[in-house]
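Engineer: I'll drop the sequence and a predicted model, then ask my questions.
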Amino acid sequence: MNLVEDIYKCSQSFPSEEVYGLTAQVRRAAVSIPSNIAEGAGRKGNKEFIQFLYIALGSLAEVETQVLLAKRLKYIDDIQNLTENIERLTKLIYGLIRFLKTK
């Protein structure tokens, strides 16, 4: 959820012509991460939960790509905090997947 807030804050400064482009896409992908984790946690079994965690990882990779693109397009300057959070979340989700696979 913190990453989603950070994405919304940094994307506020994107050019207005990106409102239906990169801004909407990065926000949608960011919201998808906690949404898929929540949906997977609400399912009956670990197999389904793991499937949703992999979907969340895909959305996380999407956000990372879009953040890097925004940096290249000079829409944002400092992405260190975002990339560190993305890396940390990736490790946490993979750790949760490993844990669930052992149960």
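Structural biologist: Alright, I've got the coordinates.
Engineer: Show me which positions of the helix or strand where Lys71 lies end up buried.
Structural biologist: In the assignment (DSSP states H and E), Lys71 maps to helix 46-72. Neighbour counts over helix 46-72 (16 or more other CB atoms under 10 Å) mark 46, 49-50, 52-53, 55-57, 59-60, 62-64, 66-67, 70 as buried. The C-beta positions use only the backbone N, C-alpha and C, and glycine is treated the same way.
Engineer: Likewise for stretch 10-23?
Structural biologist: Buried residues in stretch 10-23 (16+ other CB under 10 Å): 10-11, 14, 18, 22-23.
Engineer: can I get these in CSV with secondary structure?
Structural biologist: Below are these laid out as CSV (DSSP: H, G, I helix; E, B strand; the rest coil):
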residue, secondary structure
Cys10, helix
Ser11, helix
Phe14, coil
Glu18, helix
Leu22, helix
Thr23, helix
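Engineer: which one of those is nearest Lys74?
Structural biologist: In terms of CB to CB, no member of the buried residues of stretch 10-23 lies closer to Lys74 than Phe14, at 10.6 Å.
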